[in-house]
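In: I would like to see how this sequence folds:
(chains A, B, C and D)
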Number of protein chains: 2
Amino acid sequence: MDQSTSPQGGQALLFLTDEQLRKGIEAMFFAYRGFTADPDRILSEWGYGRAHHRAVHFIHRSPGTTVNNLLSILGVTKQSLNRVLRTLVADGLVESRVGQIDKRERHLYLTDTGAELERALSDAQRDRMRAAYRAAGPEAVAGFRQVLEAMMDEDMRRHYEALREKGKT
Amino acid sequence: MDQSTSPQGGQALLFLTDEQLRKGIEAMFFAYRGFTADPDRILSEWGYGRAHHRAVHFIHRSPGTTVNNLLSILGVTKQSLNRVLRTLVADGLVESRVGQIDKRERHLYLTDTGAELERALSDAQRDRMRAAYRAAGPEAVAGFRQVLEAMMDEDMRRHYEALREKGKT
DNA sequence: CTTGGAGTGTCAACAAGGCTGACGTATCCT
DNA sequence: AGGATACGTCAGCCTTGTTGACACTCCAAG
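Out: Just a heads-up that it's a prediction; the model follows:
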């Protein structure tokens, strides 16, 4: 395709050999496995799966978020998300409050139990992330984040960058 | 848990605030989605899923690999892998040859068609990886790889590092 | 006030791709 | 000869994704 695709073509310029890129691809694959291993263990103890983890994580991050908002972040159908939310509400981990301004919307909050699960999950995941960060060092971390951000789709980057936007209950 | 878990505790020392770590976690989540988006599109055209991608990728990387070896790399059950391999063999993308030294083993190879799919998939994935690498720059890439390697489980790092070991057909 | 549409919940049916358990067969090794 | 190994396969179950269809509530525009 371009010069960097040929075996040694762009190496002097940009070191992007197919072999380098393949290593990066496999690194993503193997690392993502490690990344999810600990939460998966905890989730199975609670009888949940990754879908529940994602929901709990983003509800914790943005308390009061609406179902629709969650849908666009998670990128799944409402039927799929609803199944997960239903069990979380039924099990008392998530509270779904009817919106005050717009009563069609449901605003989602973690209960104490929900917060407990979230804490167990994020503690485990942070521990591994922290260990990796420490092993790699500050400069490596900066590079890590730069590459990951460059790998995201546009809309995902929007969600990624959005931290605080709603402060009302 | 330790000093870096408290809001500002370890920042001066290691900048590892919960917020920083959370950002890293979400970056992994969103980036992995981007990472798999292009292959997923191609796979659905061929009527396959990610499981087929993984099999095809590692057979391409290590032609003649055995089923057992593939199992340990992919970390799935033989029943699960077998279902995927069966369709790939039936569709003529993968060839399964009885071992010459040990006739119990089956050695796996891509056919021309299989290589064609692999090429389409890895081209797409490399394109995105290359774009991300270029956008982030060489130093960032080094850091990216360092952090990912530190995030892997032990056995995964072994597979990740193993490039060539078998040269015989 | 009526009506269209947005936001949400839910039922049903289906598929991919994990899992466990059990069994059979061929082959190798001791 | 007998146990271990490599592989395939059948059967059943679970999670999590999909479509399609339908109902309900409410806001806003006409």
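
In: which strand or helix spans residue A:108?
Out: In the assignment (DSSP states H and E), residue A:108 maps to strand A:106-110.

In: pLDDT on whatever helix or strand comes next after that strand, on average?
Out: Downstream of strand A:106-110, the first helix or strand assigned by DSSP H and E is helix A:112-136. For helix A:112-136, the mean per-residue pLDDT is 96.

In: please pull up the helix or strand immediately following helix A:112-136.
Out: Moving toward the C-terminus from helix A:112-136, the next helix or strand (DSSP H and E) is helix A:138-151.

In: quick one: distance of the following helix or strand past that next one to the chain centre.
Out: Downstream of helix A:138-151, the first helix or strand assigned by DSSP H and E is helix A:154-161. Computed by CA atoms, centre = their mean, to the nearest Å, the separation of helix A:154-161 from the middle of its chain amounts to 11 Å.

In: same deal with stretch A:65-78?
Out: Worked out by CA atoms, centre = their mean, stretch A:65-78 lies 13 Å from the chain centre.

In: can it be found next to chain B?
Out: Yes. Contact of stretch A:65-78 with chain B (CB under 8 Å from any CB of the partner chain) involves residue A:75. Yep, even glycine has a C-beta here, placed from its N, CA and C like the rest.

In: can the helix ranked longest in chain A be found next to chain B?
Out: If you go by DSSP state H, chain A has its longest helix at helix A:18-46. Yes. Using CB under 8 Å from any CB, helix A:18-46 reaches chain B at A:18, A:21-35, A:37.

In: what comes up buried for the helix or strand just after that helix?
Out: Downstream of helix A:18-46, the next assigned helix or strand under DSSP H and E is helix A:50-61. The neighbour-count check on helix A:50-61 (16 or more other CB atoms under 10 Å in any protein chain shown) flags A:51-61 as buried.

In: nearest to DNA strand D, out of those: which one, please.
Out: Checking the buried residues of helix A:50-61 against DNA strand D with CB to the nearest atom of the strand, the nearest one is residue A:51 at 3.5 Å.

In: check contacts around that closest one.
Out: Residues in contact with residue A:51 (CB atoms under 8 Å, 6 or more residues apart in numbering or on different chains) are A:76, A:80-81, A:84.

In: by neighbours, which of those wins?
Out: Sorting the contacts of residue A:51 by how many neighbours each has (other CB atoms under 10 Å in any protein chain shown) puts residue A:84 first, at 22 neighbours.

In: who are the packing partners of the strand or helix carrying that one?
Out: Element membership for residue A:84, per DSSP H and E: helix A:78-90. The contact analysis (3 or more CB pairs under 8 Å, 6 or more residues apart in numbering or on different chains; DSSP states H and E) places helix A:78-90 against helix A:50-61, helix A:67-74, strand A:94-98.

In: got the angle for that helix vs strand A:106-110?
Out: Here the directions of helix A:78-90 and strand A:106-110 differ by 50 degrees (axes from the mean of the first three to the mean of the last three CA atoms, to 10 degrees).

In: list the contacts of residue A:93.
Out: Taking CB under 8 Å, 6+ apart, one finds A:56, A:110-111, A:113-114, A:117 in contact with residue A:93.

In: which of these sits closest to chain B?
Out: Chain B lies nearest to residue A:56 out of the contacts of residue A:93, by CB to the nearest CB, at 12.9 Å.

In: distance check, that closest one against residue A:46.
Out: Taking CB to CB, to the nearest Å as the measure, residue A:56 falls 10 Å from residue A:46.

In: list residues touching both of the two?
Out: residue A:117.

In: ok, the residue of chain A found nearest chain B - how many residues close by?
Out: Across chain A, the shortest distance to chain B (CB to the nearest CB) belongs to residue A:143, at 2.6 Å. Number of residues near residue A:143 (other CB under 10 Å) recorded here: 23.

In: again, but for the one 5 residues further on
Out: For residue A:148, the count of nearby residues is 28 (other CB under 10 Å).

In: hmm, back to that, dump the helices and strands packed on helix A:78-90 into TSV; add distance to residue B:102 and mean pLDDT as well.
Out: Shown next, in TSV, are the helices and strands packed on helix A:78-90 (distance: least, CB to CB, whole Å; pLDDT from 0 to 100):
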stretch	distance to residue B:102	mean pLDDT
helix A:50-61	38	96
helix A:67-74	46	93
strand A:94-98	53	93
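
In: the residue of chain A closest to chain B - nearest residue in space that isn't next to it in sequence?
Out: Spatial nearest neighbour of residue A:143, excluding adjacent residues (CB to CB, 6 or more residues apart in numbering or on different chains): residue B:143 at 2.6 Å.
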